[in-house]
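# with the input below, show me the fold.
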Amino acid sequence: MNQLSRGPGGEAPFSFFLFGLFYHKMNPTELRQQIEKFSSVSYSRSGGPGGQNVNKVNTKVLLTIPLDQLSCLNESEQALVRQKLSSRINSRDELYIQVQDTRSQFYNRQLAVEQLMSLIRQSLIRQRKRKNTKPTRSSVEKRLSQKKKRGDKKKSRNSRNWMD
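Model prediction:
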C-alpha cells in the first residue's frame, strides 16, 4: 500500500467485524474537517418554545455537503451512503441535515456536524447476511406439542362434547 492511501498516523485503513456487522475504520477528524470545509450552512427561524427569541433570531441550521467532496470516502462507500441515506440526499447529490434542537445557532451548528458525522458512520456499517439454518429436532418437537395442546384446548370448547 502506498503512502498516499494511508491515514495521517501512517496506519492503513481497514474494516473489521464485530457482532455480525462490518465496520469501516474511518478517521473522524478527517471527516469532520471535510464537513466543515466543504459544507454550506444556511440559517432560518426555528419553531417551538423560546418566546420572542423564536420570532427574531435565525437559529435553525440547514447543513448541506456534496457527496463528491468527501474524499475520505471511496466510490463504494459513497454508493453505500447514497443507498442508505437516499431520503436525505437532494437532487444536486448533496447530503443535508436540519437541526433546531437548541435556542443557540452555534450549538445547533455543532449538533448538525455531529449528527452528519454519525449518519455517515452508521451508513457505512454493513450487516452480515444471515445463513438459513435447519430448526433443531427439539424445537420442532416443542412447536408440534404446543400446536397439539392448543388444538386440544380448542377442541375441549366444542359444545358437542359437553352432552356426551
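
# from here on, contacts and neighbour counts on C-alpha atoms
Noted.

# does residue 65 sit in a helix, a strand or a coil?
Following DSSP: H, G, I helix; E, B strand; the rest coil, we place residue 65 in the strand state.

# an error on my part: the question was meant for residue 42.
The three-state label given to residue 42 by three-state DSSP is strand.

# let me know the pLDDT of it.
What the model reports for residue 42 is a pLDDT of 86.

# ditto for residue 131
For residue 131, pLDDT reads 89.

# now do the one 5 residues further on
For residue 136, the pLDDT comes out at 95.

# next one: residue 26
Confidence at residue 26, expressed as pLDDT, is 68.

# now do the same contact list for residue 90.
Residues in contact with residue 90 (CA atoms under 8 Å, 6 or more residues apart in numbering) are residue 96.

# distance of it from residue 113?
Separation of residue 90 from residue 113 (CA to CA, to the nearest Å): 18 Å.

# for residue 67, same thing?
Residue 67 sits 15 Å away from residue 113, going by CA to CA.

# one more: residue 53?
Residue 53 is 23 Å from residue 113, by CA to CA.

# before we move on, what about residue 151?
58 Å.

# pick out whichever of the two has more residues nearby.
A direct count of neighbours by other CA atoms under 10 Å for residue 151 and residue 113 places residue 113 higher, at 21 against 11.

# beyond the strand or helix carrying that one, next helix or strand please.
Element membership of residue 113, judged by DSSP states H and E, is helix 105-123. Tracing the chain C-terminally past helix 105-123 and defining elements by DSSP H and E, one meets strand 126-127 next.

# and that next one, what does it pack onto?
Secondary-structure packing of strand 126-127 (3 or more CA pairs under 8 Å, 6 or more residues apart in numbering; DSSP states H and E): strand 21-24.

# mind listing the strands for the protein?
With strands called from DSSP state E, the chain shows them at 15-18, 21-24, 40-44, 60-66, 94-99, 126-127.

# who wins for proximity to residue 109 among those?
When the strands of the chain are compared by CA to CA, strand 60-66 sits nearest residue 109, at 6.0 Å.

# so which bits of that closest one are buried?
Under the neighbour-count criterion of 16 or more other CA atoms under 10 Å, strand 60-66 has 60, 61, 62, 63, 64, 65, 66 buried.
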